[in-house]
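1. below is the structure, and that's it, no one-letter string:
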């Protein structure tokens with residue numbers, strides 16, 4: 001079942017919530033605003049997967065899932081309001097799909113004892129479970145993304161980037177600033193020159209940044225955008241005839257709405273990924289059968305196989321598998337948020353289990369532990385084929401620079417622990 005919360009009617013809707021055992025999954029969605037093009041398919045996929053489990057299996061472990069959706073508009077203030085309005089519903093895990101909201105929720109979930117899963121975004125050093133008990137960012141984080149982009153460029157240049165120029169065009173926010181330190185450290189290691197070009201939100205005005213790129217002529221551009229900023233950046237790159245094959249985006253800059261508006265001009269653009277592309281997976285047959293064909297889709301049902309929809313299905317699968325793990329650990333089906341944390345911390349995603357779920361090869365396999373909340377940090381690369389209107393996987397999920405990233409995680413998490421008087425755990 002699905003309950004949608006509008007901010008103006010939160011109290012009334014919560015009072016009307018059914019008094020029954022259930023597994024509550026909040027969805028801090030943004031179906032409105034300048035970032036809705038990414039928010040809509042993600043919420044659709046996230047909701048549809050859980051609806052499929054309800055309709056096909058009766059929920060998880062015999063307990064139905066109740067989705068509680070609250071519209072944030074991708075604003076941090078509304079995101080925090082949604083959290084406060086839904087946390088007492090019995091919410092098991094939050095997936096805010098916003099770095100700004102994530103930073104505000106980290107101290108809140110830590111105090112309230114509710115897990116926060118920031119898959120591929122948020123505070124990267126939360127991968128250190130010894131410090132961030134309630135926060136998880138598996139299977140990969142922003143610093144893995146930065147390293148994955150540089151690794152791809154190294155492969156393109158025979159392992160040598162010395163003397164090359166790399167420009168980072170980034171959303172001027174906590175999100176966009178996340179990769180800077182990593183790229184700076186990697187520039188010292190690999191000898192490339194790094195230029196930083198911030199773009200103010202929402203990112204519709206980028207003329208000056210791309211004029212600078214035309215003047216300075218970097219060899220490569222890494223795009224770290226979201227929403228309308230991505231499509232504007234790709235169009236501006238096309239306007240100055242920057243080679244698309246030399247432009248690579250983080251996974252949040254590599255979906256269909258980012259490239260389709262530029263038509264053939266976007267052909268060859270690359271983006272990082274930690275999930276598969278396309279709809280050729282058995283899990284989608286069940287979603288269509290039990291959700292879309294029965295009129296229970298969260299949206300129009302037309303986003304299956306698209307990047308953000310697939311990513312959301314993967315996120316929902318990880319949450320459901322953590323619930324199953326928690327149920328097994330504690331021997332109860334109607335788990336609590338604290339039990340959910342235990343399930344997330346003991347999560348093991350194997351290829352055999354992915355095959356059972358109809359998602360073989362859909363994402364990397366990995367284990368979570370008390371110490372490691374971030375997974376293996378494996379990153380793939382996709383490339384846009386404008387003629388076929390498809391993303392092609394051109395690189396398997398590969399390791400990133402654990403030495404550089406690990407040192408940065410240790411440094412940042414130690415500073416957070418000191419600031420918040422945390423002693424650490426996992427001893």
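-> Cool, got the structure. The structure displayed is predicted, hence computed values, not measured ones. Numbering: from 1, shown residues only.
2. any idea of the pLDDT on residue 220?
-> Residue 220 carries a pLDDT value of 98.
3. strands along this structure, start to end?
-> 2-5, 23-29, 65-71, 116-117, 135-136, 165-171, 193-199, 220-224, 247-249, 270-273, 348-349, 366-367, 379-385, 390-398 (DSSP state E).
4. so which of these is nearest residue 236?
-> Nearest to residue 236 among these is strand 165-171 (9.1 Å), distances taken as CB to CB. Backbone N, C-alpha and C define where each C-beta goes, glycine included.
5. now do the closest one and strand 193-199, the angle between them.
-> For strand 165-171 against strand 193-199, the angle by axes from the mean of the first three to the mean of the last three CA atoms, to 10 degrees is 20 degrees.
6. among the strands of the chain, which gets the worst mean confidence?
-> The bottom spot among these, by mean pLDDT, belongs to strand 2-5, with a mean of 42.
7. domain parsing for the chain?
-> Structural domains assigned to the chain are 2-140+277-376, 142-273+378-402, following automatic domain parsing.
8. among those domains, which comes closest to residue 411?
-> When those are compared (using CB to CB), the closest one is domain 2-140+277-376, at 8.1 Å.
9. re the thing from before, kindly reformat the strands of the chain as CSV containing mean neighbour count.
-> Formatted as CSV, those follow (neighbours: other CB atoms under 10 Å):
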stretch, mean neighbour count
strand 2-5, 18
strand 23-29, 25
strand 65-71, 23
strand 116-117, 24
strand 135-136, 27
strand 165-171, 24
strand 193-199, 17
strand 220-224, 26
strand 247-249, 26
strand 270-273, 26
strand 348-349, 18
strand 366-367, 16
strand 379-385, 23
strand 390-398, 16
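10. residue 395 and residue 140: what is the separation?
-> 14 Å (CB to CB, to the nearest Å).
11. now the strands of the chain as JSON lines including distance to residue 58?
-> What follows is these, written out as JSON lines (distance: least, CB to CB, whole Å):
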{"stretch": "strand 2-5", "distance to residue 58": "16"}
{"stretch": "strand 23-29", "distance to residue 58": "11"}
{"stretch": "strand 65-71", "distance to residue 58": "10"}
{"stretch": "strand 116-117", "distance to residue 58": "24"}
{"stretch": "strand 135-136", "distance to residue 58": "27"}
{"stretch": "strand 165-171", "distance to residue 58": "42"}
{"stretch": "strand 193-199", "distance to residue 58": "47"}
{"stretch": "strand 220-224", "distance to residue 58": "42"}
{"stretch": "strand 247-249", "distance to residue 58": "40"}
{"stretch": "strand 270-273", "distance to residue 58": "33"}
{"stretch": "strand 348-349", "distance to residue 58": "23"}
{"stretch": "strand 366-367", "distance to residue 58": "28"}
{"stretch": "strand 379-385", "distance to residue 58": "35"}
{"stretch": "strand 390-398", "distance to residue 58": "33"}
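12. low-confidence ranges, the protein, go.
-> Applying pLDDT under 70 to the chain picks out residues 1-20.
13. kindly recompute the last result at 80.
-> Within the chain, the ranges that satisfy pLDDT under 80 run 1-21, 427.
14. and residue 300, how many neighbours?
-> Using other CB atoms under 10 Å, residue 300 has 10 other residues around it.
15. state the distance from the nearest residue to it once chain neighbours are set aside to residue 316.
-> Closest residue in space to residue 300, ignoring its immediate chain neighbours: residue 44 at 8.0 Å, by CB to CB, 6 or more residues apart in numbering. For residue 44, the distance to residue 316 equals 11 Å [CB to CB].
16. and what of residue 281?
-> Taken as CB to CB, the span from residue 281 to residue 316 is 14 Å.
17. more neighbours, these two?
-> residue 316 (24 against 21).
18. list the contacts of the residue lying closest to residue 94 once chain neighbours are set aside.
-> Leaving out its chain neighbours, the residue that sits closest to residue 94 by CB to CB, 6+ apart is residue 116, at 5.1 Å. By CB atoms under 8 Å, 6 or more residues apart in numbering, the residues touching residue 116 are 93, 94, 96, 102, 105, 106, 109, 122, 134, 135, 136.
19. these in helices, which ones?
-> 102, 105, 106, 109 (DSSP state H).
20. any idea which of these has the most stuff around it?
-> In the ones in helices among the contacts of residue 116, the most neighbours by other CB under 10 Å go to residue 105, 28 neighbours.
21. for this protein, which helix is longest?
-> helix 307-330.
22. any idea how far the closest residue to residue 385 other than its chain neighbours is from residue 264?
-> Residue nearest to residue 385 in three dimensions, not counting chain neighbours: residue 392, with 5.7 Å by CB to CB, 6+ apart. Distance, residue 392 to residue 264, by CB to CB: 16 Å.
23. and residue 47, by the same measure?
-> Residue 47 is 34 Å from residue 264, by CB to CB.
24. so between these two, which is more surrounded?
-> The neighbour comparison of residue 47 against residue 264 (other CB under 10 Å) goes to residue 47, with 25 against 9.
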